[in-house]
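A.B. asks: With the sequence up front, the predicted model follows.
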Amino acid sequence: GAEVAGTYGQFYWQGEYYRYDIHRLGRAAAKFDGAYAQVAYTIGGKHIYTVACGCYSGVNPTAPFSPTKGGPGALEFALRYSWIDLTDRYNSSIPLALQPDAVNGGRQAAVTAGLNWYWNSNMLWKLNYIHTNLHKANPRTGGGPGVAAGLDIDALAVRWQVMF
């Protein structure tokens with residue numbers, strides 16, 4: 001795989017592509033691909049690159065949240081797109097039983113929009129809306145063309161995180 005990340009002022013971006021070759025006993029290796037790309041903009045803090053680990057930190061607010069001192073913390077607006085393809089050597093017009101090396105795991109794509117509120121360098125709130133689409137060919141046991149099965153999922157997630 002390959003990964004890239006960077007910052008420019010309050011902007012942060014990161015992306016990765018990966019390919020997995022799964023070796024299976026008695027069958028041909030299966031090959032799967034996936035990737036993601038994300039961008040974020042932060043008000044009141046930013047991601048810092050740390051040379052020692054070759055990574056970016058979380059956001060450390062310039063004015064940590066404090067009801068008594070009036071510090072607002074930092075807000076981060078984020079957007080992410082990810083996909084994975086878990087299908088290999090599969091032909092929907094042939095019964096799966098006649099394709100011993102085929103994998104029909106489907107394809108999935110997701111879009112996430114997030115709002116993160118960093119109270120300080122150890123605590124944050126996350127609010128995410130996630131829209132996911134799963135597409136999988138549904139083989140017919142009697143042969144003939146398969147019927148596509150799709151599933152759309154919408155989720156709202158809230159999380160309070162404490163980091164040590």
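C.D. replies: Everything's here; your move.

A.B. asks: what sits against the residue nearest to Asn91 when sequence neighbours are not counted?
C.D. replies: Take Asn91 and drop its neighbours on the chain: the residue closest to it by Cβ to Cβ, 6 or more residues apart in numbering is Gln99, 6.6 Å away. For glycine as for every other residue, the C-beta is placed from the backbone atoms N, C-alpha and C. By Cβ atoms under 8 Å, 6 or more residues apart in numbering, the residues touching Gln99 are 89-91.

A.B. asks: what's the spacing between Gln99 and Arg27?
C.D. replies: 11 Å (Cβ to Cβ, to the nearest Å).

A.B. asks: Could you do Phe164 as well?
C.D. replies: The gap separating Phe164 from Arg27 is 44 Å, by Cβ to Cβ.

A.B. asks: So if I had to pick from these two, which one is more boxed in?
C.D. replies: Arg27 (13 against 3; other Cβ atoms under 10 Å).

A.B. asks: For His47, give the beta-bridge partners.
C.D. replies: As for beta bridges, His47 partners with Val59 under DSSP bridges.

A.B. asks: who touches Asp101 in this structure?
C.D. replies: 27-28, 30, 89.

A.B. asks: Let's see that with 7 Å instead.
C.D. replies: Asp101 makes contact with 27-28, 89, according to Cβ atoms under 7 Å, 6 or more residues apart in numbering.

A.B. asks: Those residues into JSON lines, with extra columns for secondary structure?
C.D. replies: What follows is the contacts of Asp101, written out as JSON lines (DSSP: H, G, I helix; E, B strand; the rest coil):
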{"residue": "Arg27", "secondary structure": "strand"}
{"residue": "Ala28", "secondary structure": "strand"}
{"residue": "Arg89", "secondary structure": "coil"}
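
A.B. asks: low-scoring stretches of this protein, by residue?
C.D. replies: Within the chain, the set of residues satisfying pLDDT under 70 comprises 138-148.

A.B. asks: Can you list the residue ranges for strands in it?
C.D. replies: 2-8, 11-24, 27-43, 47-50, 55-59, 74-88, 103-118, 123-138, 147-162 (DSSP state E).
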